[in-house]
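Peer 1: Dropping a prediction and its sequence here:
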Amino acid sequence: MNKIQKYAYKTMLAMKNPVKSVDIVYPLAFDKISNEDGYYLGVKNSLRLTDEMETRLNQCSYYLHTRDKSSLGGRAIDIDLKNPITGLAMTGSSSGTAINVFLGINDIGIGTDGGGSVLAPAISLNLFSLIDPALFREERKREKDKISTDGISFIPSIGLISKNLKLVQELYLNLRDLESSNRETKILVDDESICNLLKDENVAVSSFEGKYDNERLELIETTKRLLEKYDIIVSKEGPVDLNGFGDTVFGHFDDKTKEIQVAANKGFLRIANMANCFALTVPSGELSTAYVILCDADNVSAIRKSFMIAESLYRENDELSERYFLNYKNYFMNGYSN
């Protein structure tokens, strides 16, 4: 299948909207695609995409293809959508954005992340993701603080989701001009096996006890303290929302609901933005599990090193999932109707 045929199927699938993850389709985006250039972009429906932001994305050859459903009120679980792999309630709040990337409707999705709203849904579907408080900072300077369901004030970061690490890296580096830096970086990881993958002599190991069950404020303070000594934190997290229900609206009721919430295995991913961190997630190969790479958003050397770490941790996408979920023809075998 050539590229033009593939993108025709992407738009057909977006219009069919088989799992109700698309709010609006912009089929004329297809006119911008050529065999040599152009990618499809999905944007979370609650994100205000300014003309300036869209122009910058177009200059990078990304064209608005869909507006994506998100969970009501930014909830951490979207009870209206299902995870296409597990059939469980979809991780939120950038739920539709992650699904539309996973199903091959879009090449990259853009969402907002206050407390894991981009990172968590991406991890739940074994996708790459990135957040950075500095992305589109000038265009979003009038953004007002929000309050999380557990009472913490924050301004959401912009985040990227994709099946392709290279696309994430290229778009990010086009959107944020990082100065060159070769400063040595110190890395802290929570798994000995990560040391073997990184083969970096400047790596220390810590268990990161409490990353799943500590309250957010405590974990934010822990993160800030660790980043005073180390440049980068690498935490293996998950499976996300596979054995638990990672949502404060549900978990606040009693000890039992809290236990189920903690079992969703959301660690540093839920505080990365609140701690003013750049974060990059890399699927580990296990279901809904990823390496979460964190550093201070102003530490340019650490950000550049994070992409090198991601390449070392990268595993090939799951062949069976690709073959099953990206077979566009499956959706049209019996014709098309809404």
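Peer 2: Ah, there it is.

Peer 1: So for stretch 32-39, mean pLDDT?
Peer 2: Stretch 32-39 shows a mean pLDDT of 94.

Peer 1: Quick one: end-to-end distance for that stretch.
Peer 2: 9 Å (CA to CA, to the nearest Å).

Peer 1: mind listing what's buried in it?
Peer 2: Using 16 or more other CB atoms under 10 Å as the burial criterion, the residues of stretch 32-39 that qualify are Lys32, Ile33, Gly38, Tyr39. Any C-beta I mention is one placed from the backbone N, CA and C, and that applies to glycine too.

Peer 1: Now do Ala29 against Lys16, distance only.
Peer 2: 16 Å (CB to CB, to the nearest Å).

Peer 1: more crowded one of the two?
Peer 2: When Ala29 and Lys16 are compared for neighbours, Ala29 comes out ahead with 22 against 17, by other CB atoms under 10 Å.

Peer 1: Tell me the helix or strand right after the lowest-mean-pLDDT helix or strand in the chain.
Peer 2: Least confident element among the helices and strands of the chain, by mean pLDDT, DSSP states H and E: strand 146-147 (a mean of 84). In the C-terminal direction, the helix or strand that comes right after strand 146-147 (DSSP states H and E) is strand 153-154.

Peer 1: just checking, what packs against that following strand?
Peer 2: Strand 153-154 sits against strand 146-147, with contacts defined as 3 or more CB pairs under 8 Å, 6 or more residues apart in numbering; DSSP states H and E.

Peer 1: Let's test this: what are the backbone torsions at Gly96?
Peer 2: Gly96 adopts backbone torsions of phi -60, psi -30, taken as degrees, to the nearest 10.

Peer 1: list the buried ones in stretch 304-314?
Peer 2: Under the neighbour-count rule (16+ other CB under 10 Å), stretch 304-314 has Arg304, Lys305, Ser306, Phe307, Ile309, Ala310, Leu313, Tyr314 buried.

Peer 1: Let me know the closest of those residues to Tyr7.
Peer 2: Distances from Tyr7 to these, taken as CB to CB, are shortest for Tyr314 (25.4 Å).

Peer 1: so the closest one touches Val282, yeah?
Peer 2: Yes - in this structure Tyr314 lies within contact range of Val282 using CB atoms under 8 Å: 5.9 Å.

Peer 1: what residues are shared contacts of the two?
Peer 2: Taking CB atoms under 8 Å, 6 or more residues apart in numbering as the contact definition, Tyr314 and Val282 share the neighbouring residues Leu165.

Peer 1: I'd like the mean pLDDT over the one helix or strand Glu259 maps to, please.
Peer 2: When elements are defined using DSSP H and E, Glu259 is found to belong to helix 255-262. On average, the pLDDT along helix 255-262 is 97.

Peer 1: Which residues does the helix or strand following it contact?
Peer 2: Taking DSSP H and E as the definition, the helix or strand that follows helix 255-262 towards the C-terminus is strand 277-283. Taking CB under 8 Å, 6+ apart as the criterion, the residues outside strand 277-283 that touch it are 119, 122-123, 126-134, 165, 168, 223, 227, 268-269, 272-273, 289-297, 299, 302-303, 306-307, 310, 313-315, 317.

Peer 1: Which among these count as buried?
Peer 2: Buried subset of the contacts of strand 277-283 (neighbour count, 16+ other CB under 10 Å): 119, 122-123, 126-134, 165, 168, 223, 227, 268-269, 272-273, 289-297, 299, 302-303, 306-307, 310, 313-314, 317.

Peer 1: ok, back up a step: just the contacts of strand 277-283: which are in helices?
Peer 2: Assigned to helices by DSSP state H, the following of these qualify: 119, 122-123, 165, 168, 223, 227, 302-303, 306-307, 310, 313.
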